[in-house]
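Asker: Here you go, sequence then predicted model.
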Amino acid sequence: MAQRYKDMIFDNRTTTRHDYRSINIKPCNPTTYKPKERYTRPQPHTLKDMHSLTDYKCPCVPFTLYHKPKEILQTNPRNIQEIHETLEDHEREEVQRTRPRVCLSPAIALDDVEESARHMIVTDMYTTSAMQATKESVMKTLAATNANKAPLSNVYAPPKMITLPHLLKLPYVSPEWRMDSMSFDARQLRTDFDRTEAFWLDHNSTCGECKDTAARKARQNLLTPC
């Protein structure tokens, strides 16, 4: 017994560590990080044109395939712009008289004052210092330059005719230059046409197999002795 107490005091022996160990305690394996395998998404099936057998630039049909460009001119310049007036609100007085009162500094009910005073109070309350300084500078600039806003007229001003100086003698143009200009003008289209249709009609649509066959025949012709 004395030896046991001696071991417990000097050798750090305990009952749990030495007397009741029926199994061998193995060290636990530390957790190791195993990276997951990267999933490779299968490539989409390439779409080909049914006529030319060539691949499309995009693997899917573009959403804007049949979208037409917006026209440049959307309005008629001969129609005078109309002045749109604000419609009168007939229920405004009844609503202002029956709704709960809202007070702003200096403790004034907005619905109990006149329209001009209410507009002045609300504008002054919700205007920042920077905006107030900007308005003051703009007003000073307009007062200094005497800028006036022109009203929208119902008629247009008469156009100013442009007169070209009379040419006493026209410059001489050689017949070669005139024939080139006439041939170029004759080749121009004067009606609307479909650019896609014109492109495919002007170019020979050849597929990949046709190109490979032509290259193979050309190589055979080079290798064949005369």
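Answerer: Thanks, I have the structure now. Numbers count the residues shown, from 1 in each chain.
Asker: Please make it C-alpha for all contacts and neighbour counts, starting now.
Answerer: Noted.
Asker: Name the SS class of the residue positioned nearest the centre of the chain, please.
Answerer: Nearest to the geometric centre of the chain sits T64, at 14.3 Å (Cα atoms, centre = their mean). Counting by DSSP: H, G, I helix; E, B strand; the rest coil, the backbone at T64 sits in coil.
Asker: Equivalent analysis for S52, please.
Answerer: What three-state DSSP gives for S52 is coil.
Asker: Tell me how many other residues surround it.
Answerer: Per other Cα atoms under 10 Å, the neighbour tally for S52 reads 13.
Asker: quick one: it from T64, how far?
Answerer: 21 Å (Cα to Cα, to the nearest Å).
Asker: give me the beta-bridge partners of the residue nearest to R101 when sequence neighbours are not counted?
Answerer: In this structure, R101 finds its nearest non-sequential neighbour in A109, 6.0 Å apart by Cα to Cα, 6 or more residues apart in numbering. Following DSSP bridges, A109 is listed with bridge partners C103.
Asker: Hmm, P100 and A109 touching each other?
Answerer: No: the criterion here is Cα atoms under 8 Å, and A109 misses it with P100 at 9.7 Å.
Asker: With neighbour numbers in mind, choose between those two.
Answerer: A109 (14 against 10).
Asker: For I121, grab the count of nearby residues.
Answerer: Neighbourhood size, I121 [other Cα under 10 Å]: 15.
Asker: typo on my end, it should be N221
Answerer: Quick note: N221 (other Cα under 10 Å) scores 11 neighbours.
Asker: measure it to H90 for me?
Answerer: In this structure, N221 and H90 are 93 Å apart, going by Cα to Cα.
Asker: From A214, how far off is Q220?
Answerer: To A214, Q220 is 10 Å away according to Cα to Cα.
Asker: Overlap in contacts, these two.
Answerer: Among the neighbours of Q220, none is also in contact with A214 (Cα atoms under 8 Å, 6 or more residues apart in numbering).
Asker: which residues in this structure form helices?
Answerer: 2-10, 92-98, 115-125, 129-145, 175-187, 195-202, 208-223 (DSSP state H).
Asker: Using a markdown table, please lay out these together with distance to Y56 and mean pLDDT.
Answerer: Converted to a markdown table, these look like this (distance: least, Cα to Cα, whole Å; pLDDT from 0 to 100):
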| stretch | distance to Y56 | mean pLDDT |
| --- | --- | --- |
| helix 2-10 | 85 | 70 |
| helix 92-98 | 62 | 86 |
| helix 115-125 | 60 | 87 |
| helix 129-145 | 56 | 87 |
| helix 175-187 | 32 | 84 |
| helix 195-202 | 15 | 78 |
| helix 208-223 | 13 | 84 |
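Asker: could you dump those helices to JSON lines with distance to L164?
Answerer: Below are those laid out as JSON lines (distance: least, Cα to Cα, whole Å):
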{"stretch": "helix 2-10", "distance to L164": "123"}
{"stretch": "helix 92-98", "distance to L164": "62"}
{"stretch": "helix 115-125", "distance to L164": "56"}
{"stretch": "helix 129-145", "distance to L164": "37"}
{"stretch": "helix 175-187", "distance to L164": "24"}
{"stretch": "helix 195-202", "distance to L164": "38"}
{"stretch": "helix 208-223", "distance to L164": "59"}
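Asker: which one of these lies closest to T46?
Answerer: For those, the distance to T46 is smallest for helix 208-223, at 14.5 Å, taking Cα to Cα.
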